[in-house]
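Engineer: Generate a structure from the sequence data that follows.
(2 chains)
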Amino acid sequence: MSTRQLLKGVLEGAILGIISQGETYGYEIVEALHESGFEDVVEGTIYPILIRLEKRGALSAVYRKSDIGPRRKYLSITEEGKKELEEFKNNWIDLQKAVKKSLNIIED
Amino acid sequence: MTENIYEEVLGEVAVDLEGDYWVAFVEVADYLNKTNITKRDQKEILMDTAIMLNEAMINDRPVANVVGKDISKYCRDIIKEIKPYMSTGDKVKIFIEGLLIAITGILIYLSTVTLLSSIIGKGDIFTENGSVIVNMRLLLAPAIGIIWVIIYGKISKNYKSSNTWKKVSIFLGLLAILFLVSLIILSIFENILESGITIRPVFLYLLNVFMIVVTIFYSKKLDKERP
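Structural biologist: Now for the predicted structure:
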């Protein structure tokens, strides 16, 4: 798996995690990702991932007027999305353990 | 896509794009217009892009944050995510279109070979020991293939929007089909002639014209469904 593919998979999980905390929209997700440490992520990076999650049924979307006027696309996690997020969390914990063991990183 | 459609999408999301943000939006719209994704998907992508560009404009962030440096790559990345969810009906339509192109290409080749044979005289494709003689008829296959692909490229949005590698693979695939199937059919054709059954080339020409019309008609019909 290439670094880009790995990052895409990780971003997908991170985005599901952010949306699972409550209804949100594109730029708010980007800001949340920045706060989490994904500093290089921009709207254009996450949009294909959002489309994929939406098409797969992990997210539901609704266009609604925003406080500042123009409409926004608000995203929520679906039951399917919640299952995917749980699966991602378990896989991530396993992967983290495996990498730590391989690199001989000892936890405090 | 006409300016009315741009305005319709922008009106629906209530945004007013300016300068580079407007240019990027139009470029995305033009690119999507040449692809074979559904009208519903095109509209959704355009609405989302308009919303993202508008937020970027209001917050003084660069256009590249939304569409990157290469707009065609931005569109391709999105289309790649949408394609696997295309309906079976749409996939079947694209398959039929490809099949029609291949059959028509083969018929054009056969007709040309038959026509040339009747003008310049019959020549053998194989020698007695089975090795191939590169004569006019064999060189004709790639030539006819190139002409047909160029014509098809002019009439089909699906082909125009394909990336370079897809175009090359369609082109090579078509040439391979033309070459191999033509050789097989021609060898059968000559055996039939030897056994004394007369095939009137006029039927081949008529079938060829019919298939060209059907293929172009079908392709144009699909293009209308991909506004």
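
Engineer: Relative to chain B, how far out is A:Ala47?
Structural biologist: Careful, residue A:47 is Tyr; it's not Ala. Counting by CB to the nearest CB, to the nearest Å, the separation of A:Tyr47 from chain B is 7 Å. The way it works is simple: take the backbone N, C-alpha and C, and place the C-beta from them, glycine included.

Engineer: what does A:Arg72 give?
Structural biologist: Distance, A:Arg72 to chain B, using CB to the nearest CB: 6 Å.

Engineer: next one: A:Ile18
Structural biologist: Counting by CB to the nearest CB, the separation of A:Ile18 from chain B is 17 Å.

Engineer: element containing that residue?
Structural biologist: Applying DSSP states H and E as the criterion places A:Ile18 in helix A:3-20.

Engineer: what is the rounded mean pLDDT of the helix or strand just after that helix?
Structural biologist: Counting by DSSP H and E, the next helix or strand C-terminal to helix A:3-20 is strand A:24-25. Mean pLDDT, computed over strand A:24-25, is 93.

Engineer: What parts of chain B come near chain A?
Structural biologist: Proximity of chain B to chain A, by CB under 8 Å from any CB of the partner chain, involves residues B:12-15, B:45, B:47-49, B:51-52, B:54-56, B:58-59, B:64-68, B:74, B:77-78, B:80-82, B:84-85.

Engineer: Inside helices: which ones of those?
Structural biologist: B:12, B:45, B:47-49, B:51-52, B:54-56, B:58, B:64-67, B:74, B:77-78, B:80-82 (DSSP state H).

Engineer: Please check the residues you listed and keep the buried ones.
Structural biologist: B:45, B:47-49, B:51-52, B:54-56, B:65-67, B:74, B:77-78, B:81-82 (16 or more other CB atoms under 10 Å in any protein chain shown).

Engineer: What pLDDT does the model give the residue most central in space within chain A?
Structural biologist: Geometric centre of chain A, nearest residue: A:Ile15, 1.3 Å, by CA atoms, centre = their mean. pLDDT recorded at A:Ile15 is 96.

Engineer: same thing with the one 5 residues further on?
Structural biologist: You'll see A:Ser20 listed with a pLDDT of 96.

Engineer: Next: B:Met136.
Structural biologist: 56.

Engineer: now swap in B:Tyr74 and tell me
Structural biologist: Reading off the model, B:Tyr74 has pLDDT 91.

Engineer: Also the one 10 residues further on?
Structural biologist: On pLDDT, B:Pro84 comes in at 68.

Engineer: Also B:Leu174?
Structural biologist: B:Leu174 is given a pLDDT of 67.

Engineer: Check B:Thr49 too.
Structural biologist: pLDDT for B:Thr49: 93.

Engineer: how about the nearest residue to it, chain neighbours excluded?
Structural biologist: B:Val28 (5.2 Å; CB to CB, 6 or more residues apart in numbering or on different chains).

Engineer: and what of B:Leu100?
Structural biologist: Nearest one to B:Leu100, counting by CB to CB, 6+ apart, is B:Thr215 at 4.3 Å.

Engineer: name the element the one you found belongs to?
Structural biologist: With DSSP H and E as the test, B:Thr215 turns up in helix B:201-225.

Engineer: for the record, mean pLDDT for that helix?
Structural biologist: Helix B:201-225 shows a mean pLDDT of 77.

Engineer: helices and strands of chain B: which one bottoms out on pLDDT?
Structural biologist: In chain B, the helix or strand scored least confidently by mean pLDDT, DSSP states H and E is helix B:157-160, which has a mean of 54.

Engineer: err, chain A, not the other one
Structural biologist: For chain A, counting by mean pLDDT, DSSP H and E, helix A:3-20 ranks last in confidence among helices and strands (a mean of 85).

Engineer: name the helices or strands packed onto it?
Structural biologist: Applying 3 or more CB pairs under 8 Å, 6 or more residues apart in numbering or on different chains; DSSP states H and E, we find helix A:3-20 packed against helix A:26-36, helix A:43-56, strand A:71-77, helix A:79-102.

Engineer: Could you pull out the buried residues of it?
Structural biologist: So for helix A:3-20, counting by 16+ other CB under 10 Å, buried means A:Leu7, A:Gly9, A:Leu11, A:Glu12, A:Gly13, A:Ala14, A:Ile15, A:Leu16, A:Gly17, A:Ile18, A:Ile19.

Engineer: who's in contact with it?
Structural biologist: A:1, A:24, A:29, A:32-33, A:36, A:38, A:41, A:45-46, A:49-50, A:52-53, A:58-59, A:75-77, A:81-82, A:84-85, A:88-89, A:92 (CB atoms under 8 Å, 6 or more residues apart in numbering or on different chains).

Engineer: one step back: how about the helices and strands packed on helix A:3-20 in JSON lines, adding mean neighbour count and distance to B:Val23?
Structural biologist: As requested, the helices and strands packed on helix A:3-20 are exported to JSON lines (neighbours: other CB atoms under 10 Å in any protein chain shown; distance: least, CB to CB, whole Å):
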{"stretch": "helix A:26-36", "mean neighbour count": "17", "distance to B:Val23": "21"}
{"stretch": "helix A:43-56", "mean neighbour count": "21", "distance to B:Val23": "16"}
{"stretch": "strand A:71-77", "mean neighbour count": "20", "distance to B:Val23": "22"}
{"stretch": "helix A:79-102", "mean neighbour count": "13", "distance to B:Val23": "35"}
